[in-house]
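> Provided below for reference: sequence and predicted model.
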Amino acid sequence: MDVAGLGTGITAVSAGCWHVLALTSTGGVKAWGGNQSGELGDGTTTDRWTPVDVPSLTSGVAKVVATNYFSQALTAAGGAKAWGYGGFGNLGDGTYSTSCPAPVDVQGLTTGVIDLAGGYYSGHAITAAAAYKAWGFNQYGALGTGNTISVNTPTDMVGF
């Protein structure tokens, strides 16, 4: 059975805790599922049972990453964006926001990103300069910063 409205034109999909993101062939992002912290990026916290557009990401996206109550996108221009729950700094925008229902830029990563990944309330990026950047929840040292301090902006991983 096809997901309503997504019979064709989807190039990638990423499933998070309660939500799903799809990347369209035109570089747009569609989202559906649970939306308690704005992880669908449609400007609301309303759950959606069928795909909706992420209004600010209707084109120009190269990759989508759905994680634990938040979402990320890698733009075709090499920028990182995030939205949804950010209470551990995992949006990378310099805040500890509990709800951000629309995409924001990850600080310092508006260009030069070649890959993006998400963990349990953390974001991870590789830059064109071969740097590894991480931000967000770090209780167990998953950010690779040599400590267990959570950070709300991208930080260099030790050894890269």
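That came through fine. Residues are numbered from 1 along each chain as shown.
> low pLDDT regions in this structure?
Residues of the chain that meet the criterion pLDDT under 70 lie in 1.
> what about the helices in it?
Under the criterion DSSP state H, the chain contains no helices.
> which residues touch the spatially most central residue of it?
Nearest to the mean C-alpha position of the chain, counting by CA atoms, centre = their mean, stands Gln72 at 1.2 Å. Contact analysis of Gln72 by CB atoms under 8 Å, 6 or more residues apart in numbering lists Val64, Val65, Ala80, Lys81, Ala82, Val106, Leu116, Gly118, Gly123. In this view, the C-beta of every residue, glycine as well, is placed from N, C-alpha and C.
> any chance of a markdown table for the residues you listed, columns distance to Thr24 and neighbour count?
As requested, those are exported to a markdown table (distance: CB to CB, whole Å; neighbours: other CB atoms under 10 Å):
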| residue | distance to Thr24 | neighbour count |
| --- | --- | --- |
| Val64 | 10 | 26 |
| Val65 | 16 | 22 |
| Ala80 | 19 | 31 |
| Lys81 | 16 | 26 |
| Ala82 | 19 | 30 |
| Val106 | 22 | 27 |
| Leu116 | 18 | 25 |
| Gly118 | 20 | 20 |
| Gly123 | 22 | 28 |
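> distance of the nearest residue to Asp53 once chain neighbours are set aside relative to Ser71?
Computed as CB to CB, 6 or more residues apart in numbering, the closest residue to Asp53 that is not its neighbour in sequence is Lys30, at 6.0 Å. Going from Lys30 to Ser71 by CB to CB, to the nearest Å gives 12 Å.
> which one's more surrounded, those two?
Neighbours per residue (other CB atoms under 10 Å) separate Lys30 from Ser71, with Ser71 holding more: 31 against 27.
> how far away is the nearest residue to Asn68 once chain neighbours are set aside from Cys100?
In space, and not counting its chain neighbours, Asn68 is closest to Cys17: 4.8 Å by CB to CB, 6+ apart. From Cys17 across to Cys100, the span is 16 Å (CB to CB).
> residues in contact with the residue nearest to Asn68?
Taking CB under 8 Å, 6+ apart, we find Cys17 in contact with Gly34, Thr67, Asn68, Tyr69.
> count of neighbours near the last one?
Meaning Tyr69. When neighbours are defined as other CB under 10 Å, Tyr69 has 24 of them.
> touching, it and Gly84? I think so.
Yes - assessed by CB atoms under 8 Å, Tyr69 is found in contact with Gly84 at 5.6 Å.
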